[in-house]
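> Quick one, what's the 3D model for this:
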Amino acid sequence: MKKVLVAIILGSDSDLTVMSEAAKTLEEFDVNYEITISSAHRSPEKTIKYIEKSYKSGIRVIIAAAGLAAHLAGVVAAHFPLPVIGVPLKGGALLGVDSLYSTVQMPPGVPVATVGIDNAKNAALLAVQILATADKKLEKKLIEYKKGLSQGVEKKAEKLKKIGWKNYFASPGGVKK
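Just a heads-up that it's a prediction; the model follows:
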């Protein structure tokens, strides 16, 4: 059995809908992960114990997702010596902007890599990139993935050129007005 390298921690079960994208992306790259729910505010002792256990078990990156006050990633980073990626989640009156600031504005010495609001996929991709610095097979998969992104843009540009912008809206896979 492959070793678990990434932990995904959700501040609440309501975060699972967004964070399932991180899980799918890690699966796409065949990176073993575990996922749990633990709150920096409602279960702080459990959270710290989980972080310490994760480090001892060989977890190399933690992705922490939370909304509103969004202290989870910071708490994780305070107790985990390896990379922590924060995912601020949309919610509340400020639609996630408060979460973004809570996640990204860490004090010196406690860094948290932060992706955009609700951008679980980029969090997983960043975790894969971090792991790929020591794994040539994973690095190769990332290079192929990025080639695929480029090819997708080239196909869309060719389609736009061929059918024109007005018809692009109505075409299968075209953007919606």
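
> what about residue 16, how many neighbours?
Neighbourhood size, residue 16 [other CB atoms under 10 Å]: 14. Placement of C-beta: from N, CA and C, glycine included.

> what about it, which helix or strand?
Residue 16 belongs to helix 16-28 when assigned by DSSP states H and E.

> Buried residues in that helix, which are they?
For helix 16-28, a neighbour-count test (16 or more other CB atoms under 10 Å) marks 18, 19, 21, 22, 23, 25, 26 as buried.

> With distance to residue 124 and pLDDT added, can I get those in JSON lines?
Putting the buried residues of helix 16-28 into JSON lines (distance: CB to CB, whole Å; pLDDT from 0 to 100) gives the following:
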{"residue": "18", "distance to residue 124": "12", "pLDDT": "97"}
{"residue": "19", "distance to residue 124": "9", "pLDDT": "98"}
{"residue": "21", "distance to residue 124": "7", "pLDDT": "98"}
{"residue": "22", "distance to residue 124": "4", "pLDDT": "98"}
{"residue": "23", "distance to residue 124": "8", "pLDDT": "98"}
{"residue": "25", "distance to residue 124": "4", "pLDDT": "98"}
{"residue": "26", "distance to residue 124": "5", "pLDDT": "98"}
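
> which one of those is nearest residue 125?
Proximity of the buried residues of helix 16-28 to residue 125 (CB to CB) peaks at residue 25, which lies at 6.2 Å.

> Can you give me every residue that contacts the closest residue to the closest one other than its chain neighbours?
Leaving aside its sequence neighbours, residue 25 sits nearest to residue 124 (CB to CB, 6 or more residues apart in numbering; 3.6 Å). Each residue near residue 124 by CB atoms under 8 Å, 6 or more residues apart in numbering is listed here: 6, 21, 22, 23, 24, 25, 26, 29, 63.

> ok, the first one - contacts?
When contacts are counted by CB under 8 Å, 6+ apart, residue 6 is found next to 26, 31-34, 59-63, 124, 127, 131.

> Now intersect these with the strands, please.
Here DSSP state E is the test, and those give 33, 34, 61, 62, 63 as lying in strands.

> Measure how buried the first one is and give me the count.
Put plainly, it is residue 33. By other CB under 10 Å, the residues close to residue 33 number 20.

> just the second one next, same as before
Neighbourhood size, residue 34 [other CB under 10 Å]: 15.

> separation between it and residue 149?
Residue 34 sits 28 Å away from residue 149, going by CB to CB, to the nearest Å.

> Likewise for residue 49?
Using CB to CB, residue 49 is found at 39 Å from residue 149.

> With neighbour numbers in mind, choose between these two.
Counted by other CB under 10 Å, residue 49 and residue 149 do not tie: residue 49 has more neighbours, with 13 against 9.
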